[in-house]
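Quick one, fold the following:
(2 chains)
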Amino acid sequence: MMNTRVIDLPHHVGHQLTVRGWVTHFRSSGKIHFIVVRDGTGVVQCVYKHDQVQEPLATETAVTINGEVRKDVRSPLGVEIAVRHLEIIGESPDYPITPKEHGTDFLMAHRHLWVRSPRQSAILRIRAAIIRRARGFLDEHGFTVADPPIITPAAAEGSTTLFGIDYFGEPAFLSQSGQLYMEALAMALGKVYSFGPTFRAEKSKTRRHLTEFWMLEPEMAFVEFEESLRWQEQLLESIVSGALEDCAPDLLVLGRDLSPLERVKAPFPRITYDEALARLATLNLPVEWGEDLGAPHETALAEQFDRPVFVTHYPTALKAFYMQPDPHRPEVVLAADLLAPEGYGEIVGGSQRIHDPELLQQRLQQHRLPDVVYSWYLDLRRYGSVPHSGFGMGLERVVAWVAGLEHVRETTPFARTLNRVWP
RNA sequence: UCCUCGAUAGCUCAAUGGUAGAGCACCCGGCUGUUAACCGGGUGGUUGUAGGUUCGAGUCCUACUCGAGGAGCCA
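Purely as a prediction, here's the structure:
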């Protein structure tokens, strides 16, 4: 006898078949019992009459159920199963997560079980769809996936705090960005991207931060700043429309308002840092030229637009050493942050990279970064250097935005935050 | 690192300085169409830790621990 996925049951009305899964609810009114079973694809109610079940089935009991699929207008799925035979595969006494409310700490401590809930499963499917669409878009547009090392000898930008490890007695670090390596790979393969975990040891405690998160980092040879922005907005448009196509039921489970997502079409608006300051001044959030924008500023700016907005041409002094100064205005760089609507903040950061060897060396010195460590990086400018650009997209922030979540910790199966490395 | 808030039953939360309670979970019983099913009964407590004030502290004070939200920094 074949096992059938719950999601496919509506195609099998009138048939006798078997589903395997876990009991999410058990209700009984004496002689008739209702067993709600989840199998990872969907949820179906199974009706069991008379005294075929002697005792209640505990939440999350693993079962095999054989019976007839019947049409029923009372079922959200449209069908239910009239049980002929039920077998308990694994018992589940005292399942800790109840249908009532739980606090964040309790749920995160039981994350290994929490992922079974409909809401968490929906989020993980949306994450999967976003990954699939992002990779699909890049694969179809001539990018080659080429992943940089995770164990690295030094910081990419020298700014953020790294997790140190003992590499056979030598100090090494977990990567906080693969970008410098991606530049090397772009000179080999043209358009490349990496997709993998990234680590930041900063003591950030907000709904937008994880210490371990996944980043998509495309890097493109012969691509200048403007073209890079076009790649970014097309990628995001593709991701969001893909999620709407692939995950409509999951977004419904989450209660996501779809109208802001349906508006995510390229081109995205662009404002310069200077224009951002002018807008912020009218909002009573004044920022001195040369100061960085804080989270409240980003939220206020993003609220003025109905789709993601690029903020470009930041002061050179605020940004990383490798970013290309604007040739017409060297006090600003050809860099952009992409701010998501609805207060989700920066989801992409990118720039054109310096390709001139002298300028790069000079910038390294200004940032007091040792030439020795960056010698291989300088080689990229020594041998056939070309203009090139790239960007990094924070997967969890994009998932949180698309799914409409309060916190990024729900966007990854086992979130690593400042105060949690378990389970 | 800084600011704010919090910690009481397995979970979510109540409790004027005066006998620690409810809902859910769990156990027992009832119910032939339930949908976070419902109805009746029951089990369950070193009130985060250590000190202090008081006749008396879950409640007030001090320190610490842990957690949450935010800032900074970043994706």
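
Enumerate every residue touching A:Gly242.
For A:Gly242, the contact set (CB atoms under 8 Å, 6 or more residues apart in numbering) comprises A:Ala129, A:Ile130, A:Arg132, A:Arg133, A:Gly136. Quick note: C-beta positions are derived from backbone N, CA and C, even for glycine.

Please identify the helix or strand for the second one.
Applying DSSP states H and E as the criterion places A:Ile130 in helix A:118-140.

outside of the next helix or strand after that helix, which residues touch it?
Sequence order places strand A:144-145 as the next helix or strand after helix A:118-140, per DSSP H and E. For strand A:144-145, the surrounding residues in contact (CB under 8 Å, 6+ apart) are A:Arg135, A:Leu138, A:Asp139, A:Leu189, A:Gly190, A:Lys191, A:Val192, A:Tyr193, A:Ser194, A:Phe195.

neighbours around the residue of the stretch 101-250 of chain A found nearest RNA strand B, how many?
At 2.7 Å from RNA strand B, A:Gly103 is the closest residue in the stretch 101-250 of chain A, using CB to the nearest atom of the strand. Neighbours of A:Gly103 under the rule other CB atoms under 10 Å: 8.

Can you give me the pLDDT of it?
On pLDDT, A:Gly103 comes in at 85.

Against A:Ile35, how distant is it?
A:Gly103 is 29 Å from A:Ile35, where distance means CB to CB, to the nearest Å.

in chain A, which spans are helices?
A:104-109, A:111-114, A:118-140, A:179-189, A:225-246, A:248-253, A:259-262, A:273-282, A:295-302, A:357-366, A:375-382, A:395-403 (DSSP state H).

Just the CA coordinates for the last one, please, in PDB.
Written as PDB, here are the backbone C-alpha positions of helix A:395-403 (Å, rounded to 0.1, in the frame of the first residue of the first chain):
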ATOM      1  CA  LEU A 395      19.000  36.000   3.900                       C
ATOM      2  CA  GLU A 396      17.300  36.100   7.300                       C
ATOM      3  CA  ARG A 397      16.400  39.700   7.000                       C
ATOM      4  CA  VAL A 398      14.900  39.100   3.600                       C
ATOM      5  CA  VAL A 399      12.900  36.100   5.000                       C
ATOM      6  CA  ALA A 400      11.700  38.200   8.000                       C
ATOM      7  CA  TRP A 401      10.500  40.900   5.600                       C
ATOM      8  CA  VAL A 402       8.800  38.600   3.100                       C
ATOM      9  CA  ALA A 403       7.200  36.600   5.900                       C
END
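
Does it reach RNA strand B?
Yes: legend: contact between helix A:395-403 and RNA strand B by CB under 7 Å from any atom of the strand is shown at A:Glu396, A:Arg397.

re the thing from before, export the helices of chain A to TSV and tack on distance to A:Val23?
Output for the helices of chain A, formatted as TSV (distance: least, CB to CB, whole Å):
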stretch	distance to A:Val23
helix A:104-109	20
helix A:111-114	14
helix A:118-140	14
helix A:179-189	47
helix A:225-246	28
helix A:248-253	19
helix A:259-262	34
helix A:273-282	53
helix A:295-302	43
helix A:357-366	61
helix A:375-382	56
helix A:395-403	26
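
Pick the most deeply packed of the ones you listed.
Comparing the helices of chain A by mean neighbour count (mean count of other CB atoms under 10 Å), helix A:395-403 ranks first with a mean of 26.

List of residues touching that one?
A:122-123, A:126-127, A:130-131, A:134, A:195, A:207-208, A:210, A:213-216, A:236, A:239-240, A:243, A:250-251, A:254, A:256, A:261, A:340-342, A:344-347, A:405, A:407-408, A:410-412.
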